[in-house]
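Novice: Predicted model and sequence follow; I will ask about them next.
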Amino acid sequence: MLEKFLTKTSFDSQADFIANFNIKVPENFNYGYDIVDAWATEAPGKKALCWTSDRGEHVDYTFADIKAHSDRTASWFQSLGIGKGDMVMLILKRRSEFWFAIIALHKLGAVAIPATHLLTRKDIVYRTGAAGIKAIVCVGEEPILGHVADALPQSPTVEHLISVGPLVPDGFHDFHRGLRNAPPFLRPAHVNTNSDTSLMYFTSGTSGNPKMVIHDFTYPLGHIVTASFWHNLHPDSLHLTIADTGWGKAVWGKLYGQWIAGAAVFVYDHEKFTPADMLRMIQDYRITSLCAPPTIFRFLIREDLTGYDLSSLKYCTIAGEALNPAVFEAFYRLTGIKLMEGFGQTETTLTICTLPWSEPKPGSMGLPNPQYDVDLLRPDGSRAEDGEQGQIVIRTDNRIPLGLFKAYYRDPERTHEAWNGGIYYTGDMAWRDEDGYYWFVGRADDVIKSSGYRIGPFEVESALMTHPAVVECAVTGAPDDIRGQVVKATIVPAAEYAGRLNDALIREIQDHVKQVTAPYKYPRIIEFVSELPKTISGKIRRVEIREKDAKNDE
């Protein structure tokens, strides 16, 4: 399959990759027909999805199965009047119906809007109104059903509520009954052009309502690098990306690039993450490749890994937040596997990454993906030198890269603010070393300005993570009358330190940071908490900590 889209499929160096990597984009590309249905024709019995749950269920789906289920879903959606350009929200956790529904929507030329199950009534009302959503497909359980039903009176564009079960209350269509009664699917004429919108994500910023990121039908091809080269997948791989389907990372690691590479996707449908359960999944199902945010790896390395047979696991990648070197070193010591870091956004595909032929530098995001013309800019717009902090940008004046978003839907002002003058501004700060590797500093809004110093949260967090009392941490700037801001560390302590969360431990941690990094960066304030505020994707919400501190300072 890969040969259809690449002029060259194997590379032995970054220089070779930069010089020879090229994606051939077909006219009117449609992932449903050109990937899923193509595999169903070429290798109908090939495993596509290995789905299991914490309820003891397990189903293997071949590409022929995925085609059949997505065709029936598309046919039933057609009977409800869903077609080209219609907006459909999918609140499906890790249920297998997510794959049937999103492929069906692609086949109809409709727009899929994956969403987290943590949305409240207010969130759903905002999203339906902002995007003009026509239908909502959701898991049939509380409180999801209640929030969706409660939002309906203030969601005039919504014509259909669909439940995949187990509960199907009044006012909701029964997804599975609809599929059973669906007539044979007839492919619509003129489904899409490459520039039509196929996918939308609501992504939260530091202020204001969430932005609506829209991608066109070529977006899945941008994830060839994600799966075939960063995840290092091949047709015999069984890949696990730990992500809820409401997060953009799900299509990064549980759908697009993986199936182009011919790999099978492993899904563990669980309610609560437990490191031991995840390790058991890797062991029992012989998973070969794993991708997860740093939070997951921080918990995995605290387990007794000698109690599991992880011999099938050959390759691990990490994204979502910057990787603390201490986590890299610990995982490598315990497994012999080097974590290969990557960076990207909801607005992009994989932008900076460590690929198989590159030696990872613990704590570095890696090298730019040649799909993107990546650079670092100072606040005045000039190019940052090696070793100097700057904002990560993508230059688009010569070409618009495959995988970059189209716009923020119905928001030209925000679009222009982020993407203007032939440059897309990511809002993330980094520095570049003499070998061209990029090192994450933090969101532009997260950088701490204290007594004239600019301090990146990540470098302080990396120092904190080398202390045995620290399981997780978030570094933020706290208001200070004299210094403007001071460094604050919010720490989840190790269980063995529960009895000594006192001033002596705080001083010990502060002294430790002074020894590991520049003394002026040490946290003057340390707060111990049971957990950190996070998004559904596992990213730490430093903005929530800052807002709480600002409120307490009033």
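Specialist: Okay, I see it.

Novice: Show me which helix runs longest in the protein.
Specialist: Looking across the chain with DSSP state H, the single longest helix is helix 63-79.

Novice: Least confident secondary structure element in this protein?
Specialist: Taking mean pLDDT, DSSP states H and E as the measure, strand 453-455 is the helix or strand of the chain with the lowest mean score, a mean of 75.

Novice: Which strands border it, and is each parallel or antiparallel?
Specialist: strand 448-450 (antiparallel) (DSSP bridges).

Novice: residue ranges of the strands in the stretch 301-450 of the chain, please?
Specialist: 315-318, 339-344, 350-353, 367-368, 373-377, 390-395, 407-408, 419-420, 423-432, 438-443, 448-450 (DSSP state E, counting those that start in this stretch).

Novice: The longest one packs against which elements?
Specialist: Packing contacts for strand 423-432, counted by 3 or more CB pairs under 8 Å, 6 or more residues apart in numbering; DSSP states H and E, involve strand 373-377, strand 390-395, helix 412-418, strand 438-443. C-beta: built from backbone N, CA, C; applies to glycine.

Novice: got CSV for the strands of the stretch 301-450 of the chain, with distance to Ser289, mean neighbour count and mean pLDDT too?
Specialist: CSV is the format used below for the strands of the stretch 301-450 of the chain (distance: least, CB to CB, whole Å; neighbours: other CB atoms under 10 Å; pLDDT from 0 to 100):
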stretch, distance to Ser289, mean neighbour count, mean pLDDT
strand 315-318, 5, 22, 96
strand 339-344, 10, 25, 96
strand 350-353, 15, 26, 97
strand 367-368, 20, 21, 97
strand 373-377, 25, 18, 97
strand 390-395, 26, 22, 97
strand 407-408, 33, 20, 97
strand 419-420, 33, 16, 96
strand 423-432, 26, 21, 94
strand 438-443, 23, 22, 87
strand 448-450, 36, 18, 79
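
Novice: that older thread, list the buried ones in the least confident helix or strand of the chain?
Specialist: Burial within strand 453-455, assessed by neighbour count using 16 or more other CB atoms under 10 Å, is assigned to Ile455.

Novice: what does that strand contact?
Specialist: Around strand 453-455, the neighbours that count as contacts under CB atoms under 8 Å, 6 or more residues apart in numbering are 389, 447-449, 477, 487, 520-521.

Novice: mind checking how far Thr335 is from Gly427?
Specialist: 34 Å (CB to CB, to the nearest Å).

Novice: Of the strands of the stretch 301-450 of the chain, give the one that comes closest to Ala48.
Specialist: strand 315-318 (19.7 Å; CB to CB).

Novice: Next, count neighbours for the closest residue to Ala469 other than its chain neighbours.
Specialist: Closest residue to Ala469 apart from its sequence neighbours, by CB to CB, 6 or more residues apart in numbering: Tyr497 at 4.5 Å. Neighbours of Tyr497 under the rule other CB atoms under 10 Å: 17.

Novice: so which strand or helix has the nearest residue to Pro370 once chain neighbours are set aside?
Specialist: With CB to CB, 6+ apart as the criterion, Pro370 has its nearest non-adjacent residue at 4.6 Å, and that residue is Ile18. Using DSSP states H and E, Ile18 falls within helix 14-20.

Novice: next one: Leu90
Specialist: Element membership for Leu90 (DSSP H and E) is strand 87-91.

Novice: Neighbouring strands - and their directions - for that strand?
Specialist: Using DSSP bridges, strand 87-91 pairs in its sheet with strand 111-114 (parallel), strand 135-140 (parallel).

Novice: quick one on the thing from earlier: check which residues of the helix holding Ile18 are buried.
Specialist: Applying a neighbour-count criterion of 16+ other CB under 10 Å, one finds 14, 17 buried in helix 14-20.

Novice: Any chance you could list what contacts that helix?
Specialist: Helix 14-20 is contacted from outside by 7-8, 11, 229, 355, 357-358, 367, 370, using CB under 8 Å, 6+ apart.

Novice: CSV for those, including distance to Ile133?
Specialist: Output for the contacts of helix 14-20, formatted as CSV (distance: CB to CB, whole Å):
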residue, distance to Ile133
Thr7, 40
Lys8, 41
Phe11, 42
Phe229, 35
Leu355, 38
Trp357, 44
Ser358, 42
Leu367, 39
Pro370, 36
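
Novice: Most neighbours out of those, which is it?
Specialist: Phe229 (22 neighbours).

Novice: So it: helix, strand or coil?
Specialist: helix (DSSP: H, G, I helix; E, B strand; the rest coil).

Novice: Make 674 the first number, not 1, from now on.
Specialist: Done: numbering now begins at 674, and the last item shifts to Phe902.

Novice: Which of the three states applies to Gly729?
Specialist: Put simply, Gly729 is coil when judged by three-state DSSP.

Novice: Could you measure from it over to Ser769?
Specialist: 15 Å.

Novice: Which one's more surrounded, those two?
Specialist: Between Gly729 and Ser769, counting by other CB under 10 Å, Ser769 is the more crowded of the two (21 against 6).

Novice: What separation is there between the closest residue to that one other than its chain neighbours and Asp909?
Specialist: Among residues not flanking Ser769 along the chain, Trp724 sits closest, at 4.8 Å (CB to CB, 6+ apart). Using CB to CB, we find Trp724 at a distance of 19 Å from Asp909.

Novice: Between those two, which has more neighbouring residues?
Specialist: Counted by other CB under 10 Å, Trp724 and Asp909 do not tie: Trp724 has more neighbours, with 18 against 9.

Novice: If you count neighbours, what's buried in the helix or strand where the more buried one lies?
Specialist: For Trp724, the host element (DSSP H and E) is strand 720-726. Within strand 720-726, the residues scored as buried using 16+ other CB under 10 Å are 720-726.

Novice: who's in contact with the closest residue in space to Val732 that isn't next to it in sequence?
Specialist: Take Val732 and drop its neighbours on the chain: the residue closest to it by CB to CB, 6+ apart is Trp724, 5.1 Å away. By CB under 8 Å, 6+ apart, the contact set of Trp724 is 730-734, 769, 940, 942.

Novice: In strands, which of the residues you listed appear?
Specialist: Here DSSP state E is the test, and those give 731-734, 940, 942 as lying in strands.

Novice: Neighbour-wise, which one of these leads?
Specialist: The member of the ones in strands among the contacts of Trp724 that has the most neighbours, counting by other CB under 10 Å, is Val940 with 25 neighbours.

Novice: That one reaches Leu722, doesn't it?
Specialist: Yes: here Val940 reaches Leu722: they are 6.6 Å apart, a contact under CB atoms under 8 Å.

Novice: Overlap in contacts, the two.
Specialist: Ser769.

Novice: Bridged to the residue nearest to Met954 when sequence neighbours are not counted, which residues?
Specialist: Nearest non-adjacent residue to Met954, counting by CB to CB, 6+ apart: Tyr941, 5.1 Å away. On the basis of DSSP bridges, Tyr941 is bridged to Thr725.

Novice: can you pull the contacts of Tyr941?
Specialist: By CB under 8 Å, 6+ apart, the residues touching Tyr941 are 725-727, 767, 913, 950-951, 954.

Novice: And for Ala711?
Specialist: Shown in contact with Ala711 (CB under 8 Å, 6+ apart): Met674.

Novice: Confirm that it sits in a helix.
Specialist: Yes: using three-state DSSP, the secondary structure at Ala711 is a helix.

Novice: Could you measure from it over to Met674?
Specialist: Taking CB to CB, one finds Ala711 at 7 Å from Met674.

Novice: Quick one: residues contacting the most centrally placed residue in the chain.
Specialist: In the chain, the C-alpha nearest the mean C-alpha coordinate belongs to Lys922, at 2.5 Å (CA atoms, centre = their mean). By CB under 8 Å, 6+ apart, Lys922 lies in contact with 914, 916, 966, 992-993, 1210.

Novice: One more: Phe684?
Specialist: Phe684 neighbours (CB under 8 Å, 6+ apart): 690, 693-694, 902, 1030.
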